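Q: Structural data only, the sequence is not supplied:
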Ligand code: ZN
């Protein structure tokens with residue numbers, strides 16, 4: 001499973017809710033956790049593996065042994081948010097880029113889990129931050145979109161480097177062109193949303 005990198009267009013896609021939880025989704029979720037652990041991430045959204053669906057996985061310990069910390073959020077909705085806190089963030093789709101982001105300190109989020117059951121969680125601290133970061137992905141929003149001018153300036157070089165890498169890979173045909181990417185997302189949406 002390949003994690004796509006900025007500025008891949010799927011990272012800007014506003015995802016659609018999934019119609020149902022099925023065995024294909026369960027398999028994808030397992031692979032997402034595995035890829036996430038491989039790169040010591042604490043969260044991974046469907047956009048980041050080039051899928052146009054509203055779900056993400058999280059384990060804030062990034063530890064496969066800490067299974068009780070594995071959470072899957074399918075068709076999540078943030079119901080309430082309160083407070084405000086700044087904290088450093090990074091993203092598996094933006095390697096080497098780290099910057100402080102202001103987020104709500106507490107959120108109430110509801111979603112479906114892999115059993116198809118509705119879950120309601122009140123989150124704070126890193127858990128709340130990571131969930132808001134992943135939730136943003138589903139709307140095509142990246143943490144760099146939430147940076148102030150000086151934080152953004154401090155990661156400018158890393159972003160241009162990622163842009164050049166992406167352009168080069170697309171030119172060499174390692175990544176499909178933007179039109180092909182959009183056509184594939186549209187087809188996947190018809191299938192499952
Ligand atoms: Zn991310």
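A: In hand now; what should we look at? What you see is a predicted model, and the numbers here were worked out from it, not measured in a lab.
Q: For the helix or strand encompassing residue 33, enumerate the helices and strands it packs against.
A: Here residue 33 sits within helix 23-38, counting by DSSP states H and E. In terms of contacts (3 or more C-beta pairs under 8 Å, 6 or more residues apart in numbering; DSSP states H and E), helix 23-38 is packed against strand 43-45, strand 55-58. C-beta: built from backbone N, CA, C; applies to glycine.
Q: possible to save those as JSON lines with mean neighbour count?
A: Converted to JSON lines, the helices and strands packed on helix 23-38 look like this (neighbours: other C-beta atoms under 10 Å):
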{"stretch": "strand 43-45", "mean neighbour count": "27"}
{"stretch": "strand 55-58", "mean neighbour count": "26"}
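Q: mind checking how far the helix holding residue 33 is from the chain centre?
A: 13 Å (C-alpha atoms, centre = their mean, to the nearest Å).
Q: buried set for that helix?
A: Within helix 23-38, the residues scored as buried using 16 or more other C-beta atoms under 10 Å are 25, 28, 29, 32, 33, 35, 36, 37.
Q: How about stretch 75-86?
A: Neighbour-count burial for stretch 75-86 [16+ other C-beta under 10 Å]: 75, 76, 78, 81.
Q: Please identify which of those is nearest to residue 112.
A: residue 75 (5.7 Å; C-beta to C-beta).
Q: got the contact list for the closest one?
A: Contacts for residue 75 were tallied using C-beta atoms under 8 Å, 6 or more residues apart in numbering; they are 17, 18, 54, 55, 111, 112.
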